[in-house]
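Visitor: the sequence isn't on hand, but the structure is:
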Ligand code: C5P
């Protein structure tokens, strides 16, 4: 997460994530799934600009520097930005208002954490512009109530293991950068709908070997260890994801996979140059939104 203060306004750039590993460990009494996942930040950013308001209104508007914004993305309570802002007010008792501009570049319903990243940026941004002075530990408690991925973006590590619902974060060292080509098919996936279709594995895979491979920078080894327990159910539900994975696998990438609950899929590439070349090639194929991006350093 990158912060720049300009006059009364604070600009926050907050990244997307990919899940290189996601295993289901069990179902919980609260309806969530216990999981183990490897999240890695990639250089595709939403930008949020926070300006304290003279009134007590919280106003969210779309910024012109965004791309591919669906017309029906809500600006009310259904949006995690508004929910994060209201939660901060409720928690601290402040009635300050804010004007928030969102330049949206991270695709929605993609499994790339866009909504969660925006929520984390809102907690950090409004804590600063409203001069609330909440410590990170308190922001983390609030983050966990907003969604399972929000805690990851609050700390903004290069990579981390997520446990529990995904909200218990342990940073992981990554040597070098990993180049990706990312394709978000035209259709999206609802996380809740995907989780309703999953079956628990009889022998869950371990995340440990992948963490070691990331630390030693052995990209070819990392490629062999990609895993996502949600991928098979999504491929059954969404023909666009099946087609996207097939197309990526035909591109001489080291490995292809789906991130989170989809629908975005990625190819782990041999070099930044290869990632760019494949992105250019796929951009002309009407598959959806295509990006090349690397992991952060
Ligand atoms: O936490 P988040 O809002 O991202 O989750 C959306 C939905 O995905 C949850 O309501 C739940 O149905 C499902 N989910 C789950 N187990 C998780 C995370 C999410 O079942 N660990």
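Guide: Yep, that arrived. Here the structure is a predicted model, which is why all the values come from computation and not from measurement.

Visitor: all contacts plus neighbour counts: C-alpha atoms, from now on.
Guide: Noted.

Visitor: identify the residue nearest the geometric centre of the protein.
Guide: In the chain, the C-alpha nearest the mean C-alpha coordinate belongs to residue 113, at 2.0 Å (CA atoms, centre = their mean).

Visitor: buried set for the helix ranked longest in the chain?
Guide: In the chain, assigned by DSSP state H, the helix with the most residues is helix 114-129. By neighbour count on 16 or more other CA atoms under 10 Å, the buried set for helix 114-129 is 114-127, 129.

Visitor: residue 147 is in contact with the residue nearest to the centre of the chain, correct?
Guide: No: counting by CA atoms under 8 Å, residue 113 does not reach residue 147; the two are 9.9 Å apart.

Visitor: the longest helix of the chain and the ligand in contact?
Guide: No: figure legend: helix 114-129 not in contact with the ligand (CA under 6 Å from any ligand atom); closest approach 7.6 Å.

Visitor: right, and the helix or strand after that helix?
Guide: Using DSSP states H and E, the helix or strand that follows helix 114-129 in sequence is helix 136-146.

Visitor: now what about that following helix, what contacts it?
Guide: Here helix 136-146 makes contact (CA atoms under 8 Å, 6 or more residues apart in numbering) with 80, 83-84, 87-88, 116, 119-120, 123-124, 150-151, 154, 167.

Visitor: wait, which of those residues is closest to residue 275?
Guide: When the contacts of helix 136-146 are compared for distance to residue 275 (CA to CA), residue 116 wins out at 25.8 Å.

Visitor: can you pull the phi/psi pair for the closest residue to residue 157 other than its chain neighbours?
Guide: In this structure, residue 157 finds its nearest non-sequential neighbour in residue 171, 6.3 Å apart by CA to CA, 6 or more residues apart in numbering. Torsion angles at residue 171 (phi, psi; degrees, to the nearest 10) stand at phi -60, psi 150.

Visitor: and for residue 250?
Guide: phi -90, psi 0.

Visitor: quick one: contacts for it?
Guide: Contacts of residue 250 (CA under 8 Å, 6+ apart): none.

Visitor: measure it to the ligand for me?
Guide: 31 Å (CA to the nearest ligand atom, to the nearest Å).

Visitor: per-residue confidence for that residue?
Guide: pLDDT recorded at residue 250 is 97.

Visitor: and if you look at residue 70?
Guide: Reading off the confidence values, residue 70 has pLDDT 57.
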